[in-house]
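In: just need the structure, nothing else, for what follows:
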Amino acid sequence: MFGIFKEPAKIIDTYEQVHSILKSLLTYELKELPNRYEFWYRVAIRQEEYRTLQAEHRAKISMTSAVGRFHQTQYEVMTQKLAKFERSSDIYKLFCMEEERELLNHRLSFHQETIAAIYDHVQHKELYTYSDSVQQQFWEAVRDDLLHAIAHLD
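Out: Predicted coordinates for the structure are as follows:
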């Protein structure tokens, strides 16, 4: 008798999907930092780490040696990581404002299928955690796809 009154499945809109993806992504990227710090403080610490590494590699660039070219490559990698991390955290800030929900939902509706596919992958992320390198590649792919899907929000 009570089985007839099943609770309807909660429909998650695109806004909530993006919010969940970004939170999972940023949590993964901040996993090495102590949880006792507040989330946004940990974001600032990670940004500062990337900036410091970027400056150190830039100071050691030299095209006359293999080590100098290594620093050139690492400088470029740190620049990209910093830019993507800052973009992800800035977008997450936007998704923390509930009053923007209706507008963002409308703007995201054009990429609803792409975002739903990314969300589905993140919900089943345990399939991609069997090694650290695979997990890192998975989260990089998620970040790249998500940033591409929501690039128009500016």
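In: what separation do you get for Tyr50 and Met78?
Out: Computed as CB to CB, to the nearest Å, the Tyr50 to Met78 distance reads 6 Å. Heads up, the C-betas are built off the backbone N, CA and C, glycines and all.
In: Glu48 too?
Out: Taking CB to CB as the measure, Glu48 falls 12 Å from Met78.
In: any idea which residue sits dead centre in this protein?
Out: Compute the mean C-alpha point of the chain, and by CA atoms, centre = their mean the closest residue is Leu25, 4.0 Å away.
In: give me the element it is part of.
Out: Following DSSP states H and E, one finds Leu25 within helix 14-29.
In: let me know the pLDDT of the closest residue to Tyr75 other than its chain neighbours.
Out: Spatial nearest neighbour of Tyr75, excluding adjacent residues (CB to CB, 6 or more residues apart in numbering): His57 at 4.0 Å. pLDDT recorded at His57 is 95.
In: ok, His57 - how many residues close by?
Out: Other residues near His57 come to 19 when the count uses other CB atoms under 10 Å.
In: regarding it, what is its secondary structure?
Out: Assigned by DSSP: H, G, I helix; E, B strand; the rest coil, the conformation of His57 is helix.
In: check contacts around it.
Out: His57 sits next to 71-72, 74-75, 78 when contact means CB atoms under 8 Å, 6 or more residues apart in numbering.
In: in those residues, find the pair that's most separated.
Out: Spanning the widest gap among those are Gln72 and Met78, at 11.0 Å by CB to CB.
In: now the lengthiest helix in the chain against helix 14-29, angle please.
Out: In the chain, with assignment by DSSP state H, the single longest helix is helix 66-95. Helix 66-95 runs at 140 degrees relative to helix 14-29, counting by axes from the mean of the first three to the mean of the last three CA atoms, to 10 degrees.
In: which strands or helices does whichever helix or strand comes after helix 66-95 pack on?
Out: Remark: after helix 66-95, the chain's next helix or strand is helix 101-108, criterion DSSP H and E. Here helix 101-108 touches helix 14-29, going by 3 or more CB pairs under 8 Å, 6 or more residues apart in numbering; DSSP states H and E.
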